[in-house]
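Colleague: take this sequence and fold it.
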Amino acid sequence: MAELTCPIRQHAQQQPTQPALWYAGTLITYHQLDARLNALQQQLTAASIKSGEHLFLCTPNSIELVLLLWACWRNQIVCCPVNPRLAEAQQRLLQQRANALHRWPSPSLDFDFSKESAPFSPALLDNHSVSNLIYTSGSSGAPKIVAHRLCHHFANAQGSIVPITAHDGWLLSLPLFHVGGLAILFRCFLAGACVVMPEADTPLAELLQTAPITHLSLVPTQLYRLLQQPEFHFAKTRVKHLLLGGAPLPDSLIAQCREQQLTPWVSYGLSEMASQVCTCQAGQTGVVGKALPGREVILKNDEICVRGQTLFAGYYQPDHSLLLPLDSEGWFHTGDAGTWQGDDLLINGRIDNQFISGGENIQPEQIEQQLLQHPAVAQAIVVPVADEEWGMRCICFVDWHHAAIPVAELSHWLRQFLPAYMLPKQWLAWPELPAGQLKIQRSEFKRLAQESIAIKQK
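Modeller: Below is the predicted model:
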């Protein structure tokens, strides 16, 4: 077992009074965090949760969840965080698939730190056994279970090019059941920086003006909503770095950020690579820069293939084995389509989103990326529906920045950049998305498009 000293323990020794966690005006220093982890490790042992066993975690982000994840890793317990919004039956199924004998929240852990102490015995982390299991979205079938080792998370954080120091604070704005949320913990704790916890009843715009936040991770939908706040301006905050991922970034949002003297970073990543693969400062829509240190990227038949120090251990199987689907040269095929623009990677979309209309291959993300360069368009999603004449008909949902423009005008503008066969044959209004949903579920838009067609045919 390869071991390394826990960075939290190191910072507790070297900079004990430095803030490690912030919530609602309360600071927890690295000395205090280390002491609480020691106490929680003892509680895990008392609860008979043993090294190598799996702990199913079904709860929103909280200080307790941050502590529990890190205490589990110190005790070599495998963490299985899951979206708490899932139905109870689905939670139970995922817990069974992960072979998780234990579940939290549970009464066996009381988070009592009244007797906390800070022993300076070594706090070692197992760098090469499986540390956590992450469930994929399951958009193309049953969710896969991605297994990581701590060395993958460490390599991902160490290879990030977004500068961070011990005097910075990164808002934990992404869920810890996603690699994007976990990556924030590793970047901060490796750098000796502070993890800032969001407050449930405090709007993001207000939190950014009151909390010690210098770094912010968002998906474009979150940024769009933030910039819609009439009184918000990044100049009123301490934010120095904004990292965006999960979807193409519209030119209009880039322009709004630059007007506020903040150029965002854009990234391409995936669960199987423990988060970021490529990162650059925002420029052309869809361009995400070069492979970060510790990662490699190539294109095979226009498919993005990756490998490197952050590559996952494999997909966890019901028999406890790991399935690592690599080609003969050790590359993981992402299912994403891309092209090179010089040395930079341009993301074209998911290969399995491609469809044929009138005998022509259509990549919907290519249309969406072009639409996002129109100043009136805030968001756009293109989906296919069955059509007797075309085989598949191209339908587009549009969300406008302020006021809608005639779709004929937008279609005429789009015709300057794309061939006629790629122009949407029908335009629909942007629907109300479920509360809290940030990542676009393309299957839901396809269902809505089919419903719209069915209603008009009646």
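Colleague: just the buried positions in stretch 215-227, please.
Modeller: 215-224, 226-227 (16 or more other CB atoms under 10 Å). Where you see a C-beta, it was placed from the backbone N, CA and C, and this is true even at glycine.
Colleague: likewise stretch 447-456?
Modeller: Within stretch 447-456, the residues scored as buried using 16+ other CB under 10 Å are 448-449, 452-453.
Colleague: model confidence score at Pro84, please.
Modeller: If you check Pro84, the pLDDT there is 94.
Colleague: tell me which helix or strand it sits in.
Modeller: In the assignment (DSSP states H and E), Pro84 maps to no helix and no strand.
Colleague: next step: the buried residues of stretch 215-227 restricted to strands.
Modeller: If you go by DSSP state E, the buried residues of stretch 215-227 have 215-218 in strands.
Colleague: and which of the buried residues of stretch 215-227 is nearest Leu185?
Modeller: Distance to Leu185 across the buried residues of stretch 215-227 (CB to CB) is lowest for Ser217, with 11.5 Å.
Colleague: apart from its neighbours in sequence, what residue is nearest the closest one?
Modeller: In this structure, Ser217 finds its nearest non-sequential neighbour in Leu243, 4.7 Å apart by CB to CB, 6 or more residues apart in numbering.
Colleague: and what of Gln450?
Modeller: That would be Val385: by CB to CB, 6+ apart, it lies 5.4 Å from Gln450.
Colleague: beta partners of that neighbour?
Modeller: With DSSP bridges applied, Val385 shows beta-bridge pairing to Arg393.
Colleague: so it sits against Phe445, correct?
Modeller: No: applying CB atoms under 8 Å, one finds Val385 not in contact with Phe445, separated by 10.4 Å.
Colleague: now the spatially most central residue of the chain. Nearest residue, chain neighbours left out?
Modeller: The chain has Gly180 as the residue nearest its centroid, 3.6 Å off, counting by CA atoms, centre = their mean. Once flanking residues are discounted, Gly180 sits nearest to Leu174: 4.2 Å by CB to CB, 6+ apart.
Colleague: what pLDDT does the one you found get?
Modeller: For Leu174, pLDDT reads 93.
Colleague: which residues touch it?
Modeller: Leu174 makes contact with 180-181, 184, 217 under the criterion CB atoms under 8 Å, 6 or more residues apart in numbering.
Colleague: and the helices in this structure?
Modeller: Here the chain has its helices, by DSSP state H, at 7-14, 30-46, 63-74, 88-97, 150-158, 179-191, 204-210, 220-227, 251-259, 364-371, 407-414, 442-457.
Colleague: and Gln42, how close does it get to Phe113?
Modeller: Gln42 sits 11 Å away from Phe113, taking CB to CB, to the nearest Å as the criterion.
Colleague: thinking again about what came up before, Serialize the ones in strands among the buried residues of stretch 215-227 to TSV and add fields for pLDDT.
Modeller: As requested, those are arranged in TSV below (pLDDT from 0 to 100):
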residue	pLDDT
His215	98
Leu216	97
Ser217	96
Leu218	92
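Colleague: could the residues you listed go into TSV alongside distance to Gln95?
Modeller: Below are those laid out as TSV (distance: CB to CB, whole Å):
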residue	distance to Gln95
His215	33
Leu216	32
Ser217	28
Leu218	30
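Colleague: would you point out the most distant pair within those?
Modeller: Maximum pairwise distance among those (CB to CB): 10.8 Å, between His215 and Leu218.
Colleague: now the common contact residues for the two.
Modeller: 242-243.
Colleague: ok, the contacts of Leu174 vs Ala89, which is closest?
Modeller: Nearest to Ala89 among those: Gly181, at 24.6 Å, using CB to CB.
Colleague: just checking, that closest one touches Leu57?
Modeller: No: applying CB under 8 Å, one finds Gly181 not in contact with Leu57, separated by 11.9 Å.
Colleague: what is the burial count for Pro175?
Modeller: Per other CB atoms under 10 Å, the neighbour tally for Pro175 reads 18.
Colleague: what sits against the residue lying closest to it once chain neighbours are set aside?
Modeller: Leaving aside its sequence neighbours, Pro175 sits nearest to Gly181 (CB to CB, 6+ apart; 4.9 Å). Contacts for Gly181 (CB under 8 Å, 6+ apart) come out as 61, 172, 174-175.
Colleague: stretch 223-232: end-to-end distance?
Modeller: Length of stretch 223-232, first residue to last, CA to CA, to the nearest Å: 11 Å.
Colleague: to the chain's geometric centre, what's the distance from that stretch?
Modeller: Relative to its parent chain, stretch 223-232 has a centroid offset of 21 Å by CA atoms, centre = their mean, to the nearest Å.
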